[in-house]
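> sequence unknown, structure follows:
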């Protein structure tokens with residue numbers, strides 16, 4: 001009760017009526033100024049700024065023209081393997097010799113390319129149409145490598161032309177040599193089936209692997225060339241790995257999607 005009377009007495013006292021009213025302390029003005037500046041900057045950024053995002057997807061290095069599976073036109077016993085895995089052959093080159101009831105038949109390549117896999121051995125009995133080899137289509141040793149990235153179909157629409165791509169190559173330690181640089185060359189807007197991927201890569205297992213989470217879209221990436229590296233391609237490190245890259249090497253790609261205005265997703 002005593003404190004209440006003292007408070008009422010101070011309110012009724014006219015002795016401080018002529019003093020100026022203090023609305024806020026200097027610290028309060030500082031906080032208010034910083035808040036207003038931050039709000040203004042956020043508003044400007046929301047209207048004029050942009051947000052970058054990326055999509056990650058599995059990839060494989062190839063020479064861009066794909067592969068084909070070589071099949072035997074006859075049934076019989078393999079008597080000789082005339083090609084080696086990794087060998088580059090011109091079109092119509094001998095790969096196998098098969099003994100049939102009508103005599104010996106030579107199985108030959110259809111197009112020029114590099115033999116990436118041999119599925120037949122001497123003494124093996126094969127049937128007509130059996131897969132005997134996988135051949136990657138490449139005419140010259142110096143033909144450049146490309147990366148084929150299998151992007152989820154729902155993300156393909158957001159990939160702009162010439163989007164930058166970073167590739168973590170499976171056979172190259174990224175902690176030591178960094179990532180491979182590239183640029184989107186084309187986007188196939190139709191979703192790929194396991195059979196289509198297997199036909200392009202010449203490998204049915206890869207067709208199944210790249211479609212485990214649904215049918216993807218194939219994105220062709222042109223790798224950035226560099227004469228300063230051993231591999232002949234540009235890396236995030238200065239020198240890159242001290243060896244050349246080979247086709248059919250697996251990688252993981254990070255593709256930069258089209259920039260979006262922040263206001264597009266800040267506003268409902």
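That came through fine. Since the model is a prediction, treat every value here as computed from it, not as a measurement.

> this protein: helices as residue ranges?
2-12, 26-48, 153-156, 174-177, 194-201, 204-209, 262-266 (DSSP state H).

> distance-wise, check the closest residue to residue 93 other than its chain neighbours relative to residue 221.
Nearest non-adjacent residue to residue 93, counting by C-beta to C-beta, 6 or more residues apart in numbering: residue 109, 4.8 Å away. Any C-beta I mention is one placed from the backbone N, CA and C, and that applies to glycine too. Counting by C-beta to C-beta, to the nearest Å, the gap from residue 109 to residue 221 is 27 Å.

> okay, the two: which has more neighbours?
Using other C-beta atoms under 10 Å, the more surrounded residue of residue 109 and residue 221 is residue 221, with 27 against 19.

> which ones are touching that one?
If you count contacts by C-beta atoms under 8 Å, 6 or more residues apart in numbering, residue 221 has them with 59, 146-149, 165, 167, 182-185, 253, 255.

> need the pLDDT of it.
With respect to pLDDT, residue 221 has a value of 96.

> in the sheet, who's paired with it?
Counting by DSSP bridges, residue 221 forms beta bridges with residue 147, residue 184.

> returning to that earlier point: surely the residue nearest to residue 93 is in contact with residue 135?
Yes: between residue 109 and residue 135 there is a contact under C-beta atoms under 8 Å: 5.8 Å.

> which residues do those two both contact?
Common neighbours of residue 109 and residue 135 are listed as 70, 89 (criterion: C-beta under 8 Å, 6+ apart).

> run a quick neighbour tally on residue 84.
10.

> touching, it and residue 117? I think so.
No: Residue 84 is beyond contact range of residue 117, at 11.4 Å (criterion: C-beta under 8 Å).

> stretch 35-42 - what's its average pLDDT?
Stretch 35-42 comes out at a mean pLDDT of 65.

> show the contacting residues for residue 147.
59-62, 165, 167, 180, 182, 220-221, 223, 251, 253.

> so where's the chain uncertain?
Across the chain, the ranges flagged by pLDDT under 70 are 1-32, 34, 36, 38-52, 258-268.

> which parts of it are strands?
54-62, 67-71, 76-81, 88-89, 94-100, 103-108, 113-118, 125-126, 131-137, 146-152, 164-169, 180-191, 216-223, 249-256 (DSSP state E).

> now for residue 185: which residues touch it?
Applying C-beta under 8 Å, 6+ apart to residue 185 gives the contacts 146, 220-222.

> most neighbours of all those residues, which one?
Top of those by neighbour count (other C-beta under 10 Å): residue 221, with 27 neighbours.
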